[in-house]
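Participant: Coordinates for the following, if possible.
(2 chains)
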Amino acid sequence: MKIVVTVKQVPDPNSNLTLEADNTISREKEVVLDPGDECGVEEGLQLKEAHGGEVILVSMGPERAKDAIRKGLSMGADRGVLISDASLAGADALLTARVLAAAIKQEEPDLVICATESYDGSTGMVPPMLAELLGFPQLTFAKKVEVDGSTVKVHRQTADGYQIVEASTPVLITVTAAIAEPRYASLKGIMAARSKEIKQVAASELGVEKGQPAETIEGVVEAEARKAGEVIEDDGSAVEKIVQVLAAAKVL
Amino acid sequence: MPSILVYAELSEGKVASTSLELMTKARELGDVYAVALGAGAKTAASTLGKHGAKVVHVSEDSAFDDYVAEPATDALASLYEKEKPDLILFGFAPDSREVAGRLAARLGAGLISNALDVVAKDGGFVAQVPYFGGAKVASMKANGKPAIVLIRPKSFEASAKGGPAEVKQLDVKIGEGSKRAHIAERVVEASEKVKLEEARIVISGGRGMGGPQNFPLLEELANALGGAVGASRAVVDAGWVPYSMQVGQTGKFKAKKNG
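Facilitator: Residues are numbered from 1 along each chain as shown, chains lettered A, B, ... in the order given. This is a model prediction of the structure:
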């Protein structure tokens, strides 16, 4: 089974974000593989271990996004593809999906695995767009994936439980953080990743038209500030104070 | 007057509350049309009329309930070609997100996701979108034709202001090629706990809890207060608690008045 996992390099969740002069989010601190994608890579690896095949990581980003791909390769993925092109900086969801779709089509995968949404953008729009452009059905919000021949079955998380949704390959799956605990890269894996192939592709080679972005940012203002919380130290009267706070908030 | 099409998500045959909230906004922006797909669509049309829809396009084809996203995308794409609405509004909810994404790709229109508000400006639409991890709010002008905007739940108050809507049967045939992601079974995990989305009080925990072993303390407190426990994305990603407990930007949404 040929499995493509989409991966993205994102700002470290533990660092502070900064804005560029044109109001786009600065990518200078883009240093980690998206934690959601780590779960996608893990699920891809588990499916490969159970059913055989190949796990290919596909990413769009600047040159240094190779580091994110390398991280996935050190976990055990077989090879990577990076679409890197200065003209793609600040791409919206649809352009991102078009570029990824063009690159993924060349691989002719049975399965495409995406995280439900990226850590930084959080719009969750690339996966359904990608499924549409590839012409694949989508099995989404998966907390469990089962493959039986050409049938893929997922447990799709819902507000009050889950649905069992199935489709025939090729399919696109989005996984939640509940799908699998990402493995740590072993020293052997890190060493092996150094010699694994990361193919670099220019956007022009894929024949994707850039087109007009879906939105133009007209301005950015500060969100309504959240008030600092009150810390109540327990000097013996804390219970009483907390009860008063809860009563004032009409919670009691 | 611009024409606004609202995608009414149905849940067990009823219009989802998020969709009714969108109707309030749509009334401000122009002539309101709605589309309701699947079992209960005709009943839903009357609810949508009461919330301001002039026309509701309906189809009760079972394909809409049995297959994920693709049949609804076909129906909306076909409706767009006929009616050419200026703006299509979706709630930022799981099912709507999937349909909106496929539709935006099929129409080549793009979209604006996760918006807090949308206003008319210079003959077009500008959406307010949380930005920069929620610390800022960006004004984004929609360039797509049509403009497609997904709005977060609880952004507006639903209110019944309207009369009967004209109900139009959607003339669309869902082909076998769109009947692919089949919903074979729906499993409800019984819970006696208060549902997070419906809770009047939410006790939310983040990294400050120190570890998953301390979350039962919040459960006890929530039980005592008749509330539910929520959690930040950081601790959900860390695997301390399940995704279903996540509140905030990408999890479940709570309006201030409820909390």
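Participant: show me where pLDDT drops low in the stretch 101-250 of chain B?
Facilitator: B:133, B:190-193, B:198, B:243, B:248-250 (pLDDT under 70).
Participant: can you pull out the strands in it?
Facilitator: Ranges of strands in the stretch 101-250 of chain B, per DSSP state E, counting those that start in this stretch, are B:112-115, B:117-121, B:124-131, B:136-142, B:147-151, B:166-169, B:182-188, B:202-205, B:228-231.
Participant: Now render these as JSON lines, adding distance to A:Tyr119.
Facilitator: Every residue, glycine included, has its C-beta placed from N, CA and C. Output for the strands of the stretch 101-250 of chain B, formatted as JSON lines (distance: least, Cβ to Cβ, whole Å):
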{"stretch": "strand B:112-115", "distance to A:Tyr119": "14"}
{"stretch": "strand B:117-121", "distance to A:Tyr119": "24"}
{"stretch": "strand B:124-131", "distance to A:Tyr119": "14"}
{"stretch": "strand B:136-142", "distance to A:Tyr119": "17"}
{"stretch": "strand B:147-151", "distance to A:Tyr119": "19"}
{"stretch": "strand B:166-169", "distance to A:Tyr119": "42"}
{"stretch": "strand B:182-188", "distance to A:Tyr119": "29"}
{"stretch": "strand B:202-205", "distance to A:Tyr119": "19"}
{"stretch": "strand B:228-231", "distance to A:Tyr119": "16"}
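Participant: Residue in the stretch 151-259 of chain B with the shortest distance to chain A?
Facilitator: Nearest residue of the stretch 151-259 of chain B to chain A: B:Arg180, at 3.6 Å (Cβ to the nearest Cβ).
Participant: what about that residue, distance to B:Tyr131?
Facilitator: From B:Arg180 across to B:Tyr131, the span is 35 Å (Cβ to Cβ, to the nearest Å).
Participant: Over to B:Glu219?
Facilitator: B:Glu219 is 34 Å from B:Tyr131, where distance means Cβ to Cβ.
Participant: Of these two, which one has the most company?
Facilitator: Per other Cβ atoms under 10 Å in any protein chain shown, whichever of B:Glu219 and B:Tyr131 has more neighbours is B:Tyr131, with 21 against 14.
Participant: how about the more buried one, what does it touch?
Facilitator: Contact analysis of B:Tyr131 by Cβ atoms under 8 Å, 6 or more residues apart in numbering or on different chains lists A:220, B:137-138.
Participant: Need those residues in a markdown table (columns: neighbour count and distance to A:Leu187).
Facilitator: Shown next, in a markdown table, are these (neighbours: other Cβ atoms under 10 Å in any protein chain shown; distance: Cβ to Cβ, whole Å):
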| residue | neighbour count | distance to A:Leu187 |
| --- | --- | --- |
| A:Val220 | 17 | 44 |
| B:Val137 | 20 | 45 |
| B:Ala138 | 20 | 43 |
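Participant: what would these look like in JSON lines with distance to B:Val235?
Facilitator: Output for the contacts of B:Tyr131, formatted as JSON lines (distance: Cβ to Cβ, whole Å):
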{"residue": "A:Val220", "distance to B:Val235": "28"}
{"residue": "B:Val137", "distance to B:Val235": "25"}
{"residue": "B:Ala138", "distance to B:Val235": "27"}
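Participant: Looking at these, which one is closest to A:Thr151?
Facilitator: Nearest to A:Thr151, judged by Cβ to Cβ, of the contacts of B:Tyr131 is B:Ala138 at 42.7 Å.
Participant: my read: the closest one touches B:Val126, true?
Facilitator: No - using Cβ atoms under 8 Å, B:Ala138 makes no contact with B:Val126, being 10.1 Å away.
Participant: what's the overlap in contacts for the two?
Facilitator: With Cβ under 8 Å, 6+ apart as the test, B:Ala138 and B:Val126 both reach A:Glu218.
Participant: how much space between A:Glu215 and B:Ala184?
Facilitator: Here A:Glu215 is placed at a distance of 37 Å from B:Ala184 (Cβ to Cβ).
Participant: which of those two has more neighbours?
Facilitator: A:Glu215 (25 against 10).
Participant: State the pLDDT value of the more buried one.
Facilitator: At A:Glu215, the pLDDT value in this model is 86.
Participant: sorry, back to before: winner for burial among the strands of the stretch 101-250 of chain B?
Facilitator: Ranked by mean neighbour count under mean count of other Cβ atoms under 10 Å in any protein chain shown, the strands of the stretch 101-250 of chain B are led by strand B:147-151, which reaches a mean of 28.
Participant: For A:Val112, give me the backbone phi and psi.
Facilitator: phi -120, psi 130 (degrees, to the nearest 10).
Participant: show me what contacts it?
Facilitator: So A:Val112 contacts A:3-6, A:104, A:130-131, A:134, A:136, A:170-173 (Cβ under 8 Å, 6+ apart).
Participant: Would you agree B:Ala165 is in contact with B:Ala53?
Facilitator: Yes - B:Ala165 lies in contact with B:Ala53 (Cβ under 8 Å); the separation is 4.5 Å.
Participant: ok, residue 111 - how many residues close by?
Facilitator: No chain was given, so I picked chain A. Residues near A:Leu111, counting by other Cβ under 10 Å, number 26.
Participant: that answer is for a different chain, and I need it for chain B
Facilitator: Other residues near B:Leu111 come to 30 when the count uses other Cβ under 10 Å.
Participant: what do you get for B:Ala238?
Facilitator: So B:Ala238, with other Cβ under 10 Å, has 15 neighbours.
Participant: Can you tell me what sits against stretch B:8-22?
Facilitator: Applying Cβ under 8 Å, 6+ apart, the contact partners of stretch B:8-22 are B:6-7, B:34-41, B:43-44, B:47-48, B:51, B:56, B:89-93, B:95-96, B:151, B:153-158.
Participant: now B:Ala158, nearest residue through space, not along the chain?
Facilitator: Leaving aside its sequence neighbours, B:Ala158 sits nearest to B:Leu20 (Cβ to Cβ, 6 or more residues apart in numbering or on different chains; 3.8 Å).
Participant: can you list contacts of the longest strand along chain A?
Facilitator: Among the segments of chain A that qualify as a strand by DSSP state E, the longest is strand A:138-148. By Cβ under 8 Å, 6+ apart, the list of residues contacting strand A:138-148 from outside reads A:1, A:43, A:47, A:50-51, A:111, A:116, A:127-128, A:131, A:152-158, A:162, A:165-167, A:171-176, A:178-179, B:68-69, B:94, B:98, B:102, B:181, B:243.
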